[in-house]
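>>> fold the following for me, if possible:
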Amino acid sequence: MNEKLDKPSALDGLNPEPAKERAFGTPYDDVFRTLLNDCSELVLPVLNEIFGEHYSGTERIVFSGNEHYLNRQGGKEERRITDSAFTVIGGESTFEDGERFEDARRTADGGGTEAEAALQDAGSAAVLGKKYLFECQSTADSSLLIRIFEYAAQIALDDGELTGNRLKVTIPHSAVLFLRSTGKTPEEMRIELATPGGTVEFPVRVMKIRDYTLEEIFSKKLLFLIPFYIFTHEKRFRMYEQDSEKLEQLKREYVRIAKHLETMEENGEISVYTKRTLAEMTDRVTEGIAAKYANVREGVKSVMGGKILEYEAKIILRRGIEEGRERGREEGRQEGRKEGRQEGIAAGKKEGILITLSDLVRKQMLTVADAAKQAGMSEEAFLAQMRRHEKTGSVLP
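Numbering: from 1, shown residues only. Next up is the predicted model:
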């Protein structure tokens, strides 16, 4: 049955999101964005899983502009923010595009407009990589596909190529991660465009947290999903809250997660920062989803948070300061030729340490008070240094 966009869609009834969540977002959106931006390498195995890619983890991820203005009736513009659009550059998928470019080049032979267009398309793909739009949804709602289409179309237009009388736009490969799902949640969604030149459609791939066990998450390196894994236990929260033995079973699962991440960090597969971020984001999701279940919240946090993270923060700080000192020594050597070698090295070392401390504060890995103490200055003075760095790129006057 055909349906108008302003009427309930086929997605209604699939655990509809509360109106408050739809209007104002959820803490899970914040966690999703934090993982994408701060631990972007973790999304590559997810793309392998969803789209059948073959990324190795060495590829570069470049994020698109996240502010868009959508035209509305009456000439009004609506401001939308999406920081889940990005391009992956490098890897086997891009090499395949490169091979397609070579094939197109060999067969073009100056054979007219269509051959030239094919050559241009293939060359652009080989150089620019693949574009993706990856969204997170607590549950399906009637406006989901509309929002994805709006984002995808605007992203395509922002990156459009106008050559003569030909405009080329590329729709990003699109997917959504469902944190909650039921038997009615679709395995895939599609967006169809009826154009004067014919009807075309593109898929919106679907990933559901409930489809993945811990074994699959570990074996496929889907670490991106770990903070949201608690959603697979949501229906049993009441039981965990009332039964201490069942709660211990939940905690044992998170002990497995913590130990696995610890092993990966020791083996150099992930950084201390990535491990700590996954633990912290797990705590944030748990606080949101288990707001009414204190035992569940504290049980998970006792495994993933607490003193261990405080110790890891000190490790990160020490490593960061050493990196800052090394960066400062190099800058100091260069500056020392102008100002006197020892004075230049001292100034460079101080600036390197302050920049490192500022970065840790911005990433919420260190409080302003702790950073100021490490720098040997007041909190007000340290904040002034941070503001100076943001404006001028230097923390020293």
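
>>> longest strand in the protein, please.
In the chain, taking DSSP state E as the definition, the longest strand is strand 198-208.

>>> so for that strand, mean pLDDT?
Mean pLDDT, computed over strand 198-208, is 96.

>>> stretch 153-171 now?
Per-residue scores along stretch 153-171 average to 90.

>>> and if you look at stretch 230-248?
96.

>>> just the CA coordinates of it, formatted as CSV?
This file holds the C-alpha atoms of stretch 230-248, laid out as CSV (Å, rounded to 0.1, in the frame of the first residue of the first chain):
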residue,chain,number,x,y,z
ILE,A,230,24.3,-3.9,27.3
PHE,A,231,21.2,-3.5,25.1
THR,A,232,21.2,-7.3,24.6
HIS,A,233,20.5,-7.6,28.3
GLU,A,234,17.9,-4.9,28.6
LYS,A,235,14.9,-7.2,29.0
ARG,A,236,16.6,-9.0,31.9
PHE,A,237,17.4,-5.9,34.0
ARG,A,238,14.6,-6.5,36.4
MET,A,239,15.8,-10.0,37.0
TYR,A,240,19.4,-8.9,37.5
GLU,A,241,18.2,-6.2,40.0
GLN,A,242,16.4,-8.8,42.1
ASP,A,243,18.7,-11.8,41.8
SER,A,244,22.3,-11.4,42.9
GLU,A,245,23.4,-14.7,41.2
LYS,A,246,22.0,-13.5,37.8
LEU,A,247,23.7,-10.2,38.3
GLU,A,248,27.0,-12.0,38.8
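
>>> what lines up beside the longest strand of the chain in the sheet?
Next to strand 198-208 in the sheet, as set by DSSP bridges, lie strand 173-178 (parallel), strand 188-195 (antiparallel).

>>> got the CA positions of the last one in PDB?
The one in question is strand 188-195. Only the C-alpha atoms of strand 188-195 are listed here, as PDB (Å, rounded to 0.1, in the frame of the first residue of the first chain):
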ATOM      1  CA  GLU A 188      17.400  -3.900   5.000                       C
ATOM      2  CA  MET A 189      15.700  -0.700   4.000                       C
ATOM      3  CA  ARG A 190      15.600   0.900   0.500                       C
ATOM      4  CA  ILE A 191      15.100   4.400  -0.800                       C
ATOM      5  CA  GLU A 192      13.600   4.600  -4.300                       C
ATOM      6  CA  LEU A 193      13.800   7.700  -6.500                       C
ATOM      7  CA  ALA A 194      11.400   8.100  -9.400                       C
ATOM      8  CA  THR A 195      13.100  10.400 -11.900                       C
END
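
>>> sorry, back to before: closest one to residue 142 among the strands paired with strand 198-208?
For these, distance to residue 142 was read as CB to CB. The smallest value, 12.4 Å, belongs to strand 188-195. Where C-beta positions appear, they are placed from N, C-alpha and C, glycine not excepted.

>>> out of the strands paired with strand 198-208, which is the most enclosed?
With neighbours taken as mean count of other CB atoms under 10 Å, those reach their highest mean count in strand 173-178, at a mean of 23.

>>> residues in contact with that strand?
32, 46, 50-51, 130-137, 139-140, 144, 148, 152, 185, 189, 202-209, 228 (CB atoms under 8 Å, 6 or more residues apart in numbering).

>>> just stretch 165-172 next, same as before
Contacts for stretch 165-172 (CB under 8 Å, 6+ apart): 85, 117, 121, 131-133, 152-153, 155-157, 159-162, 202.

>>> related to what we said a few turns ago, quick one: buried residues of the longest strand of the chain?
204, 205, 206, 207, 208 (16 or more other CB atoms under 10 Å).

>>> let me see the contact set for the last one.
Neighbour list for residue 208: 177, 178, 181, 185 [criterion: CB under 8 Å, 6+ apart].

>>> where does the stretch 201-350 of the chain have low pLDDT?
305-350 (pLDDT under 70).
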